[in-house]
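Enquirer: Could you look at this predicted model? Sequence included:
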Amino acid sequence: MPEVLRLEISEDVGAPLGSPTPVLDPPTARLVEQAAADARRQGRREGERTGRAAAEQAAKGLLDAVRSIQAELADQRAEAVRATAELAQLLATAVLDATPPPDALALLDRVRDTIAGLDDDHLEVRLSRDDHAMLTADESVFAGQRLTLVPDRTLTPGEARIVGTFGGAELTRAALLAAAMDVLAGGAT
């Protein structure tokens, strides 16, 4: 049977068992310290480069997302303008019980242009009492639309005032005359 070897370790031994602490001569120690410092600098540069690349990639993704949202909003706005213009033509047809004449189509173009410049989700269209009575006779025409028709006793037939949360437009004879005078005054200078 094999014999077990035993080693007695005296209690007064102060050094722990293990590998001895390496002792380097001063030139070698400087070389090791320089190599460690170079490695730290290189690691920092690589980390900064990697971080910069990740930040640029995240910024590009964010910019792509913003552009996508802007395109979607532009499409939605164009659709809303188209639907509103279509509603205006339906309104004119309902009032006149016929396709609008050329003068009315020109007015519809002005209304279309005006509405296209307004970003509001909901618009209030103020009309003369007579126009309001004619246009609201069939309320099913306005179901689900972004327009609300309101009578305004200060307006004469054929005039309208479009009011939104963030903007509006005056489609009145006085506003048209003022705009024409501004254009004429601007051309005279």
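Expert: Received it, and whenever you're ready, just let me know what you need. Numbers count the residues shown, from 1 in each chain.

Enquirer: State the distance from residue 132 to residue 160.
Expert: To residue 160, residue 132 is 10 Å away according to C-beta to C-beta, to the nearest Å. All C-beta atoms are positioned from the backbone trio N, CA, C, and that covers glycine.

Enquirer: top helix in the protein by residue count?
Expert: Secondary structure assigned by DSSP state H gives helix 26-96 as the longest helix of the chain.

Enquirer: Point out the other elements, helices or strands, that that one touches.
Expert: Judged by 3 or more C-beta pairs under 8 Å, 6 or more residues apart in numbering; DSSP states H and E, helix 26-96 is in contact with helix 102-116, helix 129-135.

Enquirer: how about the last one as PDB, C-alpha atoms only?
Expert: Going back to what we said before, that points to helix 129-135. C-alpha atoms of helix 129-135 as PDB (Å, rounded to 0.1, in the frame of the first residue of the first chain):
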ATOM      1  CA  ARG A 129     -76.900  83.200 -42.200                       C
ATOM      2  CA  ASP A 130     -78.400  82.500 -45.600                       C
ATOM      3  CA  ASP A 131     -75.400  80.500 -46.800                       C
ATOM      4  CA  HIS A 132     -75.400  78.700 -43.500                       C
ATOM      5  CA  ALA A 133     -79.000  77.800 -43.800                       C
ATOM      6  CA  MET A 134     -78.500  76.400 -47.300                       C
ATOM      7  CA  LEU A 135     -75.400  74.500 -46.500                       C
END
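
Enquirer: quick one: low-confidence ranges for this protein?
Expert: Residue ranges of the chain with pLDDT under 70: 1-22, 91-116, 135, 137-145, 187-189.

Enquirer: cutoff 80 now
Expert: Along the chain, the model assigns pLDDT under 80 to residues 1-24, 84-121, 130-149, 157-158, 167, 176, 179-180, 182-189.

Enquirer: Show me the beta-bridge partners of residue 168.
Expert: When bridges are called by DSSP bridges, residue 168 pairs up with residue 163.

Enquirer: can I assume it is in contact with residue 118?
Expert: Yes. Proximity of residue 168 to residue 118 meets the contact threshold set by C-beta atoms under 8 Å, at 7.3 Å.

Enquirer: quick one: the residue nearest to residue 136 when sequence neighbours are not counted from residue 162, how far?
Expert: Among residues not flanking residue 136 along the chain, residue 149 sits closest, at 5.6 Å (C-beta to C-beta, 6 or more residues apart in numbering). Going from residue 149 to residue 162 by C-beta to C-beta gives 11 Å.

Enquirer: burial of residue 29, as a residue count?
Expert: Neighbours of residue 29 under the rule other C-beta atoms under 10 Å: 12.

Enquirer: residues touching it, list them.
Expert: Listed by C-beta atoms under 8 Å, 6 or more residues apart in numbering, residue 29 has no contact partners.

Enquirer: that older thread, tell me, what's touching residue 149 and residue 162 both at once?
Expert: Counting by C-beta under 8 Å, 6+ apart, the residues touching both residue 149 and residue 162 are residue 125.
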